[in-house]
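[1] Pasting the sequence and the predicted model now:
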Amino acid sequence: MKIMPLEQRGISTSRLILGCMPFGGGWNREPIEQQHILEAERAVDAALSIGISMFDHADIYTMGKAEETFGHLLKARPSLRDQVVIQSKCGIRVAKGQVPGRYDFSKAYILESVNGILQRLGTEYLDILLLHRPDPLMDPNEVAEALGKLKSSGKVRYFGVSNMNSSQVRFLQSALPEAIAVNQLEMSLSKLDFVDQTVHVNQAEGNSVHFGEGLLEHAQLQRIQLQAWGPLAQGAFSGRSLEGESERVVQTAALVTRLAEAKNTTPEAIVLGWLMRHPAMIQPVLGSSNPKRIIACRDAERVSVNLTRDEWYSLYVSSRGHALP
């Protein structure tokens, strides 16, 4: 059985991740209410019940309240910290006054962001820190200074990126003494660029694909863990209303349902298992805080092992809406 890239680096983690973006209520500065803490607790317990031990955050999620809410859980259950892997992200700055929303990989901002993340979570360290979106003004040497300080102080154990192509990863890596451990990207049965990039080499149709040439191959060669945000495609194939959807989506949802019934599992497990079947060992980040939907993902790893090549291609071709060349 293949070993996940994070495990190869000594990070004991689960095959699925729970994304904590919904925690804490709305994207505003209103106080966290007790109901938000209870909702997060139920989601975390549902995740733990199916073997999920990794939790994904970002400093901007619900304006910092997602991390603060998770911090309430860690404070109430201190033993939980040693049982889980916590990942967060920084680098996106929201608009303020006349200054627009922007990206910031400056040394000062990275250090400031991590201090805020740790304070909100109520923990002394992050297992993994990701740089959230590419900053056009990034200086790899300046980033390296920031990450080196975070590493030496024990505040962050491993580092990664999100939404970067392979050239950007290599450029950043050139200044870092430690290997980049993670790249988190949008990938799902409805976001197919990561597969289309592979099959459209030397084809005009490939001109409309914008995933990043060589990204999957580079990650596998360098043992970078690929994580998928939005892996359930916002429920398009697992129960969301399909009114007004294209025939392609309707037919693919029906195929997912048939496979789920044949394999005695859930549509969620089929959708995730299709993604996890890829040899890059993609690690999906679940975006739901609904306990029932989280538990519905329980069989995803089993499905990924048992999904046949023909079934995988049937789902892919159905979702893309036309035959392969």
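    Nice, thanks for sending it over. Numbering: from 1, shown residues only.

[2] for the protein, what are the low-confidence residue spans?
    Scanning the chain for pLDDT under 70 picks out 1.

[3] please redo it, this time with the cut-off set to 80
    Along the chain, the parts satisfying pLDDT under 80 run over 1, 204, 206-210.

[4] which residues in it form strands?
    Under the criterion DSSP state E, the chain carries strands at the ranges 17-19, 54-56, 85-90, 92-93, 102-103, 126-131, 156-162, 182-186, 225-229, 283-286.

[5] Dump those into CSV; add distance to Ala175 and mean neighbour count as well.
    For glycine as for every other residue, the C-beta is placed from the backbone atoms N, C-alpha and C. Formatted as CSV, these follow (distance: least, CB to CB, whole Å; neighbours: other CB atoms under 10 Å):
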stretch, distance to Ala175, mean neighbour count
strand 17-19, 27, 26
strand 54-56, 25, 26
strand 85-90, 18, 25
strand 92-93, 21, 18
strand 102-103, 18, 16
strand 126-131, 13, 26
strand 156-162, 12, 22
strand 182-186, 17, 23
strand 225-229, 21, 23
strand 283-286, 26, 24
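
[6] Make TSV from the ones you listed and add distance to His210 to it.
    TSV is the format used below for these (distance: least, CB to CB, whole Å):
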stretch	distance to His210
strand 17-19	23
strand 54-56	24
strand 85-90	22
strand 92-93	20
strand 102-103	18
strand 126-131	20
strand 156-162	16
strand 182-186	11
strand 225-229	16
strand 283-286	21
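
[7] So Asp56 sits against Leu18, correct?
    Yes: counting by CB atoms under 8 Å, Leu18 is a contact partner of Asp56 at 7.0 Å.

[8] got any residues that touch both of those two?
    Val285 (CB atoms under 8 Å, 6 or more residues apart in numbering).

[9] Just confirm Pro284 contacts Arg277, I think it does.
    No: assessed by CB under 8 Å, Pro284 is found out of contact with Arg277, at 11.6 Å.

[10] end-to-end on stretch 175-183?
    One end of stretch 175-183 sits 17 Å from the other (CA to CA, to the nearest Å).

[11] Other residues contacting that stretch?
    Here stretch 175-183 makes contact (CB under 8 Å, 6+ apart) with 5-6, 9, 11, 87, 128, 130, 140-141, 143-144, 147-148, 151, 158-162, 164, 169, 172-173, 215, 219, 222-227.

[12] can we see that at 6 Å?
    Stretch 175-183 is touched from outside by 9, 140-141, 144, 158, 160-161, 164, 169, 173, 219, 224-227, with contacts defined as CB atoms under 6 Å, 6 or more residues apart in numbering.

[13] and if you look at stretch 65-79?
    For stretch 65-79, the external contacting residues (CB under 6 Å, 6+ apart) are 20, 23-24, 32, 36-37, 40-41, 57, 80-81, 117, 120-122.

[14] and of those, the nearest to Glu301?
    Comparing the contacts of stretch 65-79 against Glu301 with CB to CB places Cys20 closest, at 20.9 Å.

[15] Now the residue in the chain sticking out farthest from the centre. Its backbone dihedrals?
    For the chain, the residue at maximal distance from the C-alpha centroid (CA atoms, centre = their mean) is Gln98, at 31.3 Å. Here is the backbone geometry of Gln98 (degrees, to the nearest 10): phi -90, psi 0.

[16] Contact partners for the closest residue to Gln220 other than its chain neighbours?
    Excluding its sequence neighbours, the residue lying closest to Gln220 (CB to CB, 6 or more residues apart in numbering) is Ala280, at 5.4 Å. Contacts for Ala280 (CB under 6 Å, 6+ apart) come out as Leu216, Gln220, Leu226.
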